[in-house]
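> sequence and predicted structure, then a few things I'm wondering about:
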Amino acid sequence: MPSRIEDYALIGDLHTAALVARDGSLDWLCFPRFDSGACFAALLGMPEHGRWLIAPAGSVRHTRRRYREGTLILETEFETAEGAVRLIDLMPPRDQAPDVVRIVVGMRGQVPMRMELIMRFDYGSIVPWVRRTDTGLQAIAGPDRLSLATPVAVRGKDFTSVAEFNVSQGERLPFVLTWAPSVQRDVPEIDAEQALRETKQWWRDWSGRCTYDGPWREAIVRSLITLKALTYGPTGGIVAAATTSLPEQIGGPRNWDYRFCWVRDATFTLYSLLMAGYKEEARAWREWLLRAVAGQPSQIQIMYGLAGERRLTELELSWLPGYEGSSPVRIGNAASKQFQLDVYGELLDCMYQARRTGLEPEEAEYRVEQALVQFLESAWDKPDEGIWEVRGPRRPFTHSRMMAWVAMDRAVKAIENFGVPGPVERWRQVRDAIHAQVCREGFNPQVGAFTQYYGSPLLDASLLMMPLVSFLLPGDPRVQGTVAAIERQLLHDGFVSRYTTSSGVDGLPPGEGAFLPCTFWFADNLVLQDRQREAQAVFERLLNIRNDVGLLSEEYDPHARRLVGNFPQAFSHVGLINTAYNLLRGGPAQHRLET
């Protein structure tokens, strides 16, 4: 059986990332960057398509693991009958070639160990040619080359590189895996111990900049480190998750590629970085957004590649059975071509909040802003695919129209408060018209709540955003009715579902876990309604489902008590940070109400 999603920990180098299971198996790695097809570990739990196991050869009595404080360095300790051993895993922040460093440390006794390295390229479909070198092994296939450097003797067996060795107390044995283009003659080798020291210092210097000083500091710092690890250093873009096709329901078809940067995450991410003192990271994220969306406003996408790429063609990998049989396995994302109105609201809100928090605007920002609002004047009342990227027909989604109002509102306020040029009277009229329509058409008196789309009786947790973006005040009876209805119908076992998937609105078979950001939004609403104790209980429940090293996925299955969906999920960790600040009455929920 494959490891559970929560059994994995993340390591990364600000270009790409790897997932390491509790049993010492590295089961997911994309070289040279997050969305590369040169990964040697195809999908979690499918060793025939690639993995790298280092573990005791015999039975393990007890395993425990942790990150070194303030770092992304993972330490896993195995207790066996023969003694104890520690496995240290890290990826040094990228200089030139990407490296994975694994160091086996003898802690007590003498422990028999084994290594199994199954190198595969192009999502597990290509077996490379492997040869010995003076320092280990080298594997080549097409454009990719992997080099393993270790003092341990390695041999080939059934297209797998294996080793058996003993480690004694005080002994340290390094293993370094390095990727390079196959045409590169000399692959630079690094010293594993030096890389460990430098990586520890780098991460502690970075995490030491966190300004949060509240009751959940450990969770906040770990979430910030996770966001940094999901950042593509050369551009500042933050990928939604490190993986593709981890299912939202085990065995189901809701399996998407999340190794891209979503515009929708813009304002939430900006707040989480700025509040914690990471102004440079927030500025880099905003600049990535401006570069990515540059062009015709009508051609804006909801997501882009790490450097702003637009062509994200979705393909199905038929040779992979999927995690626990969850098929198809997809790379690319067809939702990138959908029309979704809410991204315009996120962009304009991000630009406005950046100004409010002291990020100096770029000269190009004014032109981008003007073009976006001018397009939205004639596009705001068109049906779209909505925040949940439905694969069904376009509809007049209430959340989409609400976010179109946000776009117009922030454009008007940019003129009023910051002297940005623009036809303020005309834009005020459009803003007011959108607001009136949403209140008239989006609110269902029979349900006593705003509903998923105009004329629908269905609820949608995205409407928890209504007071969080200051569309209506938290005390408005319609807002309170919406929160109460979502609490009655979409809150199950303490977690909020996005909507009722059995309605068929998204064009997919029913069934998924609870989308964790929605539960954070629910806690934020409770704060705004002065239900502080209930809000904190919801937040603590979310903290308790983090795995043992503090990571969250996209969703949670409360019945199976399992994390599901792509992992780790940036948006979930952004929600954790923002809700922690909201509970202290100094977060984005309160800040936006002052907009």
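Done, it's in.
> now the helices for this structure?
Counting by DSSP state H, one finds helices in the chain at the ranges 192-207, 217-229, 266-275, 279-293, 342-356, 363-379, 398-418, 424-441, 465-468, 477-489, 516-528, 532-544, 570-583, 588-593.
> CSV for the ones you listed, including mean neighbour count?
For every residue, glycine as well, the C-beta is placed using N, CA and C. Shown next, in CSV, are the helices of the chain (neighbours: other CB atoms under 10 Å):
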stretch, mean neighbour count
helix 192-207, 16
helix 217-229, 21
helix 266-275, 25
helix 279-293, 20
helix 342-356, 25
helix 363-379, 17
helix 398-418, 24
helix 424-441, 16
helix 465-468, 23
helix 477-489, 18
helix 516-528, 25
helix 532-544, 16
helix 570-583, 26
helix 588-593, 19
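> could I get those as JSON lines with mean pLDDT and distance to residue 54?
JSON lines is the format used below for these (pLDDT from 0 to 100; distance: least, CB to CB, whole Å):
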{"stretch": "helix 192-207", "mean pLDDT": "98", "distance to residue 54": "13"}
{"stretch": "helix 217-229", "mean pLDDT": "98", "distance to residue 54": "21"}
{"stretch": "helix 266-275", "mean pLDDT": "95", "distance to residue 54": "34"}
{"stretch": "helix 279-293", "mean pLDDT": "94", "distance to residue 54": "33"}
{"stretch": "helix 342-356", "mean pLDDT": "94", "distance to residue 54": "42"}
{"stretch": "helix 363-379", "mean pLDDT": "90", "distance to residue 54": "48"}
{"stretch": "helix 398-418", "mean pLDDT": "97", "distance to residue 54": "47"}
{"stretch": "helix 424-441", "mean pLDDT": "98", "distance to residue 54": "56"}
{"stretch": "helix 465-468", "mean pLDDT": "98", "distance to residue 54": "45"}
{"stretch": "helix 477-489", "mean pLDDT": "98", "distance to residue 54": "46"}
{"stretch": "helix 516-528", "mean pLDDT": "98", "distance to residue 54": "31"}
{"stretch": "helix 532-544", "mean pLDDT": "98", "distance to residue 54": "30"}
{"stretch": "helix 570-583", "mean pLDDT": "98", "distance to residue 54": "28"}
{"stretch": "helix 588-593", "mean pLDDT": "90", "distance to residue 54": "42"}
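> go through those and name the closest to residue 8.
Of all the helices of the chain, helix 217-229 sits nearest to residue 8, with 12.4 Å by CB to CB.
> helices or strands next to the longest strand that the chain contains in the packing?
Longest strand of the chain, by residue count under DSSP state E: strand 99-118. Where contact means 3 or more CB pairs under 8 Å, 6 or more residues apart in numbering; DSSP states H and E, strand 99-118 is packed against strand 25-29, strand 51-56, strand 74-80, strand 83-90, strand 160-168, strand 172-181, helix 192-207.
> next one: stretch 157-173 to chain centre, how far?
Here stretch 157-173 is found 34 Å from its chain centre; the criterion is CA atoms, centre = their mean, to the nearest Å.
> ugh, typo on my part, it should be stretch 133-153
With CA atoms, centre = their mean, you get 31 Å for stretch 133-153.
> what's the end-to-end length of that stretch?
Using CA to CA, to the nearest Å, one end of stretch 133-153 lies 11 Å from the other.
> what pLDDT, on average, does it get?
Mean pLDDT, stretch 133-153: 94.
> tell me which residues in that stretch are buried?
For stretch 133-153, the neighbour count (16 or more other CB atoms under 10 Å) marks 136-141, 144-150, 152 as buried.
> neighbouring contacts of it?
Contacts to stretch 133-153, defined as CB atoms under 8 Å, 6 or more residues apart in numbering, come from residues 31, 38, 40, 115, 117, 119, 121-122, 126-132, 154, 161, 163, 165, 173-184, 187, 189.
> returning to what we had before: among the helices and strands packed on strand 99-118, which is nearest residue 273?
Nearest of the helices and strands packed on strand 99-118 to residue 273, taken as CB to CB: helix 192-207 at 12.2 Å.
> list the contacts of that closest one.
68-73, 88, 90-93, 99, 101, 103, 172, 174-176, 221, 224-225, 228.
> mind checking how far residue 280 is from residue 359?
Per CB to CB, to the nearest Å, residue 280 is found 10 Å from residue 359.
> what residues are up against the closest residue to residue 47 other than its chain neighbours?
Counting by CB to CB, 6 or more residues apart in numbering, residue 118 is the residue found nearest to residue 47 once chain neighbours are left out, at 5.9 Å. Contacts for residue 118 were tallied using CB under 8 Å, 6+ apart; they are 40, 47, 48, 49, 50, 51, 52, 159, 160, 161.
> thought residue 272 was touching residue 570?
No - using CB atoms under 8 Å, residue 272 makes no contact with residue 570, being 9.5 Å away.
> need the residues touching each of the two.
residue 227.
> picking that back up, so which pair among the contacts of residue 118 is furthest apart in space?
49 and 161 (15.2 Å).
> quick one, domains of this structure?
For the chain, automatic domain parsing gives the domain ranges 5-183, 216-593.
> let's have those in a markdown table, adding distance to residue 195.
Listed next are those as a markdown table, based on distance: least, CB to CB, whole Å:
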| stretch | distance to residue 195 |
| --- | --- |
| domain 5-183 | 5 |
| domain 216-593 | 16 |
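> returning to what we had before: now, the buried residues of stretch 133-153 that are in strands?
Members of these lying in strands (criterion: DSSP E): 136, 137, 138, 139, 140, 141, 144, 145, 146, 147, 148, 149.
> mind checking how far the last one is from residue 354?
Distance, residue 149 to residue 354, using CB to CB: 44 Å.
> mind exporting stretch 2-12 as PDB, just the C-alpha atoms?
Provided in PDB are the C-alpha atoms of stretch 2-12 (Å, rounded to 0.1, in the frame of the first residue of the first chain):
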ATOM      1  CA  PRO A   2       1.200   3.500  -0.700                       C
ATOM      2  CA  SER A   3       2.000   5.900   2.100                       C
ATOM      3  CA  ARG A   4      -0.900   8.100   3.200                       C
ATOM      4  CA  ILE A   5      -0.600  11.700   1.900                       C
ATOM      5  CA  GLU A   6      -0.100  12.900   5.500                       C
ATOM      6  CA  ASP A   7       2.900  10.600   5.800                       C
ATOM      7  CA  TYR A   8       5.000  12.900   3.600                       C
ATOM      8  CA  ALA A   9       7.200  15.800   4.400                       C
ATOM      9  CA  LEU A  10       8.500  18.500   2.000                       C
ATOM     10  CA  ILE A  11      12.000  19.500   1.200                       C
ATOM     11  CA  GLY A  12      12.900  22.100  -1.500                       C
END
